[in-house]
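# Okay, sequence plus prediction incoming.
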Amino acid sequence: MALPRYATPAQRAWHYGLRVIVGLVLFYLVAPIIVIIPLSFNARDFFTFTPEMLALDPAGYSLKHYRDFFTNIDWQLPLWNSLKIAPMATLIAVTLGTLAAVGLSQAHMPWKRAIMAILISPMIVPLIISAAGMYFFYSRIGLQGTYWGVVLAHAALGVPFVIITVTATLVGFDRSLTRAAASLGAGPVRTFLKVQMPLIMPGVVAGGLFAFITSFDEVVVVMFMGAAGQKTLPWQMFTGLREQISPTILAAATVLVTVSILLLIALELLRRRNERLRGLSPS
Amino acid sequence: MRIATWMGSAALALLPMTGAALAQEGETLPPCENCADSMVIMSWGGAYQNSQLKAYVEPYVAQTGITVTWDESSNEAVAKLRAAQEAGNMPFDLVDVEGPDAQRACDEGLAVEIDHDEALAPAPDGTPASEDFGEAIVNECFVPQIVFSTTFGYRTDVAEWNGQTPDDICDVFDLETFPGMRSLQRSPKKNLEWALVCDGVPAEEVYDVLSTPEGIDRALAKLDTIRDSVIWWTAGAETPQLLADKEVVMGSTYNGRLFSVIAEQGQPVAMLWDHQVFDYDGWIVPAGLSEERMNRVMHFLRFATDTQRLADQAKYIAYGPARASSQPLVSTHVDLGIEMAPHMPTNPENMTHYIVNSIDWWADNQDEAEARFQNWLAQ
Amino acid sequence: MADMTVDRLPDGRAAPEGTTMLAADGTPLRVSLQRSLRRQKRRAFLLVAPLLAFILVFFALPIADMLFRSVDNHIVPETLPRTVEALAEDPDPVPGEPVFVALYEDLVVAEAYKRHTQLGTRLNYEMGGASSLLRGTGRAIGRIGTDVYADQFVAADPAFADPARWAAWMVDPAIRAALPETTDAYDAWARFTIEADNDDPAEEQPGDMVYAALWRDLAAGAQPPGLPAVDVSGWETPSIRELMIEAESGWGDPGIWSTLRTFSAPYTAGYYLAALDLRLSEDGIAPRPASERIYNALFLRTFVMSLLITGLCILLGYPVAFLLSTLPARTANLLMILVLLPFWTSLLVRTSAWKVLLQQQGVINDILVWAGLVADNARLVMINNQTGTIIAMTHILLPFMILPMYSVMKGIPPAYMRAARSLGANDWTAFWRVYFPQSIPGIGAGSILVFILAIGYYITPELVGGTRGVFISNRIAYHISSSLNWGLAAALGTILLVAVLILYWIYDRLVGIDNVKLGG
C-alpha cells in the first residue's frame, strides 16, 4: 500500500503516523526481550547498563553469568530436568493429539463440538486452577512429586495446541485422496500413514513445537506438582526472580530467547513448506 | 504471655570468643545399617543452606556416598508436610524449620517425636544432648541447630537522611527523618511485635497485648502508617538484594543474610540491632518415613548436630550454634578470616534491646494473626 | 455419504430386484449404509477416545475433585461425632453436661490422633480464635481434672487399675450391654491406643475418660454382672462442663457453639460464602466484618484490570494488525516475526525483562533520569504495584490480540474500501463505516481470548504486582500453599472457573474453538 503521489497532507500524515505508531508498538513488543541480551554480558552483578558497558569498554562485558549458568548445579539440574520432561510430555501430547485430531476431522464424529471443547479446555482453564486441581488429585494417587506426574500434567496442557494445529491442516485436506488410496486397495492404517500423515506432518510438527514450548516454559503447574527432583528451568527462574535476583537469570533468559528464535525459524520454514505442498505460493 | 528470659546462659557462653577452639577430631562415622542411600532435605536456600552444605552435608556425603537432594521450600514447610501427609506419600526426609513451625508440625502429628539423648551425640565432655541444647529444644520433635535473629539492615549512603543513621527500631516507622522504601516480611511474625514496640508497648508486654482482642488491630494500625513505603518479601534473600540494588533504604531479614551483604559483598549497608527478634531454627523429621529412610535420617542427624559440626556451621554464616558446647569452638569466617563474634546476634553489644519470639503464642495464634495480617495487606 | 461406502457399494449400481435397494452383499442398502455409518462413527470415536480418556482422567477429574473440596466439611462431623450428635438435641447457647461429655471424649480421641489442630484451623476460618482454643484444649485435655474418677475407682477396688481385667470385662456381651457409655469410651480409647500410640490396650490402664463414663453408667443405675461392686454415692464428681470451661474459658462462650452448630454438616456452603465476603451464622447469611471483606474487591480488581489490559491490547494491537494486513506478504511476514518472537518467548523471560526494566534503579528510570525528565531522587515507582502488572501483562498478552485480528483483517477484501471511496466517502468514513465493522469479529475473538487469559493470570502479577497489583489467582495460590485453606481456595477457584467457562462458551459461539489460530 504505497502512498500515491496525489495523496493529501492528511493522508500523508495518516500514512506515516500509522507507521510510527506501529513501529512504537513493535518496539514495545520486542525491546524488553532484546534489552536483556546485552545486560546478560554485564561484567558486574547489576541489572543496568554500567558506564563501562555504555562506553563499549570490553572490560564492561564478560561471560561470567553464562559460565555460572553452564557450570552451576543450581541451573544445570533444572535445565536437564526441563530437557527430560518436555520431550516426554510432547511425545504423549502429539501421539494422542494427532490421533484425536484425525478422529475429530472425520465427517461422522459424534458429539464433535462437546469433545472439542473438552480437549481444548486445558488451554483455557486458568493455570492456577489446573495446578490446584492436579496438586490435590495427583497427591491422592501418588503422582505428586514424581517425574511422571509432571509429564502427564504437561502433556495435558500441550494437547490443545496439537489438536488446533493438526485439525487446521486437516481442514484443507482433500478427501478424495483417501478415497483414491482406499480404492487402490490400501487399508485405513496404510492410507493414514502414506497419504494423510505426510500432509498433516507440518501441523503435527508445529503442534509438537507448541507442546514442547508449553512444557518447557511452564512454571505454575510444575511448582505445585513437582518435588525438588523435578525442578525445571522456569521454576528455577521464578525462584531466582522472587528470592535472589542473580544476573544469571539474564543469561538463562538469553539462552531461552535463542531457543525461541530457533523454534520460530523452524515454524516459519514449516509454514512455507506447507504452503508449497498445498500449491499455494508464499507470494 | 510470658517472654522467656534470654535462652539461658547457654548462648551467652558464646561471649568469650577468644576461647581457643578445642580442636576436636571429627569422630569416624559408625556404619549405617539398613539405611536408604538418598535423602531429600528441605531447607531455606541461599547462604543458610550453603552453610549446612559445607558444614555437614558435604562431609557426610563424602563419608557415606549417599545422594542428597535439596528442596528450598522451608517457608512453606507446614503446608508441604500437610499435603504430603494427605497424599500418604512423604517426599521429604528431613525438614528445616523455625521454632513455631516445628511446634505446629509437632502439634499436628506431621513430625515424629525424638528422644534427644538417645538420638543425638552427647557433648565432648559427656553432657547429654538434652542438657547441651537446653532450652533450645522447644518441643519433643525439634532438633535445634542455630539461634538466629531477625533484624534490620540499612544503607549508609542515603543522601536524604542528612547524615543521620537509624539506631532505634522505631526509625523504621519514621518516614520523615528516614524517607525511602523499606522491605518487611510478608508475614505477621515479628512485624506485629515491632509495630507494638514502636506504638509504646514495652517489649516484655508485647505478647500480652497481642493476646487482647484489639492487640493485632493496634499493631496493624501502626504498620498502616508506613504501608505505602513497604515492599513485602517472602524469602530471606530478598532484603539483601533490594538493599544492594538501592530499591529499599532499610529492610528486615535474618541477621546472617545481612552479614553476607556487609562482610562478604562489601555493600554500604549497616546493621540495626535494636529490638532484634530471637528465634531458633532446627530440624524436624516428618512422620511416615519407611524404616530405611528413618535409619538414614537419624544417622545423619546424629552426625550433623554434634558439637563440632554445629560449630563449623558458624564459619559460614553468622548464626549462633544451638549447643552450649559448640560455642567455644566458633572462630573465624572460613574465607574472610574475620572474627564472627561481633556479628553474632548474641554479642552483648547487639543485645541492648531484644525480643524473644514466643513459640507458644505463635503456635497458638498464627492462624488468626496470619488471616488478619493477610486481609489487612489485601485491602 | 458418498465417501464412506466406496469399497462396498460401487457407484451407479442399480438395485438388482424388487423395490428395496440392496448392497453388494445382499443386505438392504439402507441397513448397509447405517451399519457403515455406525462403523465410521465408531472408528472416529476410537481415534479420539484415548485422548479423551487421558484428558478426563488427568485434567478434568482433578478439577472436579477440587470442586468437591469447596463444599467438603467432613472434618467437623468426623472429628467431633459425639458432640455433633449431642449438640443437635441441645438448643442452649452454651450447651449442658451431655454435650460437654461428648466434646471431652471427642477431643481426647482427636488429640491422640493429633486431629484437633486441623479442626481448629478449619473452625478458625469461620470464627477467629477457634484455632487457639482447640490447640489450648488439646494440650490441656489430658489433665483437666477428670482423673478424680479414675482415682476413686482404683481406691474403691484395685482391680479397676488392671488393664487385663478391663480387657476381659469389655469383651463380655453382658457387661457391654449394661454399660453403654463405658463401652463406647473404652472402645474409642482402645482403638487409639492401638492405632495412634502403638500400645496394647490389654497392657495399659484405660484413660480417664473411661472411668468418667463408668461413673455415669453406674450413677444412672447400671448393674453390670461380673464387675467389682462399688458404691459411687458420696463420690467427688466434678462436672465435665465446668472442668472444660475452667481449662479453656472459650468453651463457655456461645460463639464457638454457634459456629459448631452451623458447621456440623458434612457439606457446607461456608467456603463459597467466604469467597463472597459473607458468613454463615445461626441466623442465616450475613456480611463479614469490614476488616475481613477482601474478595469482592479482589474479584472486581481482577475484572477491571483485565478489562483495562484487554482495552490496551485492542488499542495497541489494532494498528499493528491493520498495517500488517495491508502490507505486501513478504514485509508483513517479516514484521509478523516481531509479533511472534514475544509470543514464543518464555513468560518468565518476559517477566524478568520487565522486572529489570521497571525497577527504580532499572533501565527505564535510568533513561528518564539521564534525559532529565525525572529527578534522580524522584524515580518513578513502576513495579510492585498495578502499573507494573498492567505494563507487563499488556506486553505478554498483546500477541494474542494481534494474531486473531490479523487473520480476520486479512480476509477483508480491499475492494470494499476502494468502492466506498469511489462512492464519495472520505478516508475516515470509508474506514469507520466499511472496514471497521468487518474487523469487529477479530476484535471480539482477540478480546475474549486476552480477557480469559488475563483474569486467570498468576505468575506475572506475583512477580511485579506487589500487594495491590495482584489478582484472584494469587490469592488462590496463597490459600493453597501458605494459609492451607484449601476449601476457600477451591471455592475461589470454582468461581473463577465458572467465569472463564462462560467466556469460553461465548467464544465458542462467536468464533468457534476450532478456529483458534496459533501464530498465523
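Looks like it came in fine. Residues are numbered from 1 along each chain as shown, chains lettered A, B, ... in the order given.

# Just say helix, strand or coil for the residue in the stretch 101-250 of chain B positioned nearest to chain C.
For the stretch 101-250 of chain B, the residue positioned closest to chain C under Cβ to the nearest Cβ is B:Gly109, at a distance of 3.0 Å. C-beta: built from backbone N, CA, C; applies to glycine. Taken by DSSP: H, G, I helix; E, B strand; the rest coil, the conformation at B:Gly109 corresponds to coil.

# residues in contact with the nearest residue to B:Asp224 once chain neighbours are set aside?
Distances taken as Cβ to Cβ, 6 or more residues apart in numbering or on different chains place B:Trp376 nearest to B:Asp224, at 7.8 Å, with adjacent residues excluded. If you count contacts by Cβ atoms under 8 Å, 6 or more residues apart in numbering or on different chains, B:Trp376 has them with B:220, B:223-224, C:291.

# Need those in CSV (columns: pLDDT and neighbour count).
Output for the contacts of B:Trp376, formatted as CSV (pLDDT from 0 to 100; neighbours: other Cβ atoms under 10 Å in any protein chain shown):
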residue, pLDDT, neighbour count
B:Leu220, 96, 21
B:Leu223, 96, 21
B:Asp224, 95, 12
C:Ser291, 82, 13
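
# Among these, which one lies nearest to chain A?
Proximity of the contacts of B:Trp376 to chain A, judged by Cβ to the nearest Cβ, is greatest for B:Leu223, which lies at 22.0 Å.

# does the closest one really touch B:Cys198, like I thought?
No. Shown here, B:Leu223 and B:Cys198 do not form a contact pair, counting by Cβ atoms under 8 Å, at 9.6 Å.

# on that earlier part again, now for the contacts of B:Trp376: which two are most distant?
Every pair in these was compared (Cβ to Cβ); the two farthest apart turn out to be B:Leu223 and C:Ser291, at 13.5 Å.

# what about the chain, any weak spots by pLDDT?
Just going to use chain A. Along chain A, the parts satisfying pLDDT under 70 run over A:1-2, A:172-173, A:243-245, A:277-283.

# Switch to chain B, please.
In the prediction, chain B carries residues with pLDDT under 70 at positions B:1-27, B:87.

# Enumerate the residues of it near chain C.
Within reach of chain C by Cβ under 8 Å from any Cβ of the partner chain, chain B has these residues: B:76, B:78-79, B:82, B:104, B:107-109, B:159-160, B:181, B:217, B:231-232, B:245-247, B:363-368, B:370-372, B:374-379.

# that older thread, would you reformat the contacts of B:Trp376 as a markdown table and include secondary structure?
Output for the contacts of B:Trp376, formatted as a markdown table (three-state DSSP):
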| residue | secondary structure |
| --- | --- |
| B:Leu220 | helix |
| B:Leu223 | helix |
| B:Asp224 | helix |
| C:Ser291 | helix |
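
# Export these to TSV and append columns for distance to C:Arg122.
As requested, these are arranged in TSV below (distance: Cβ to Cβ, whole Å):
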residue	distance to C:Arg122
B:Leu220	24
B:Leu223	28
B:Asp224	30
C:Ser291	21
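
# nearest to A:Arg179, of these?
For the contacts of B:Trp376, the residue nearest A:Arg179 by Cβ to Cβ is C:Ser291; the value is 71.0 Å.

# Show the contacting residues for the closest one.
Counting by Cβ under 8 Å, 6+ apart, C:Ser291 touches B:217, B:372, B:375-376, B:379.

# Strands of chain B, start to end?
Using DSSP state E, the strands assigned to chain B run over residues B:38-42, B:67-71, B:94-98, B:143-155, B:182-185, B:230-233, B:250-254, B:269-284, B:320-321, B:354-356.

# I'd like to know which of the ones you listed lies nearest to C:Glu248.
strand B:354-356 (25.0 Å).

# tell me which residues in the closest one are buried?
Of the residues in strand B:354-356, those buried under the neighbour-count criterion (16 or more other Cβ atoms under 10 Å in any protein chain shown) are B:354-356.

# Need the outlier residue of chain B, farthest from its centre.
Relative to the average C-alpha location in chain B, and by Cα atoms, centre = their mean, no residue lies farther out than B:Asn162, which sits at 33.8 Å.

# For the closest residue to C:Ser325 other than its chain neighbours, give me its contacts.
Nearest non-adjacent residue to C:Ser325, counting by Cβ to Cβ, 6+ apart: C:Met409, 3.7 Å away. With Cβ under 8 Å, 6+ apart as the criterion, the residues that contact C:Met409 are C:321-322, C:324-325, C:439, C:442.

# Now render the residues you listed as a markdown table, adding neighbour count, secondary structure and pLDDT.
As requested, these are arranged in a markdown table below (neighbours: other Cβ atoms under 10 Å in any protein chain shown; DSSP: H, G, I helix; E, B strand; the rest coil; pLDDT from 0 to 100):
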| residue | neighbour count | secondary structure | pLDDT |
| --- | --- | --- | --- |
| C:Ala321 | 26 | helix | 94 |
| C:Phe322 | 22 | helix | 93 |
| C:Leu324 | 25 | helix | 92 |
| C:Ser325 | 20 | helix | 90 |
| C:Ser439 | 19 | helix | 90 |
| C:Gly442 | 27 | helix | 88 |
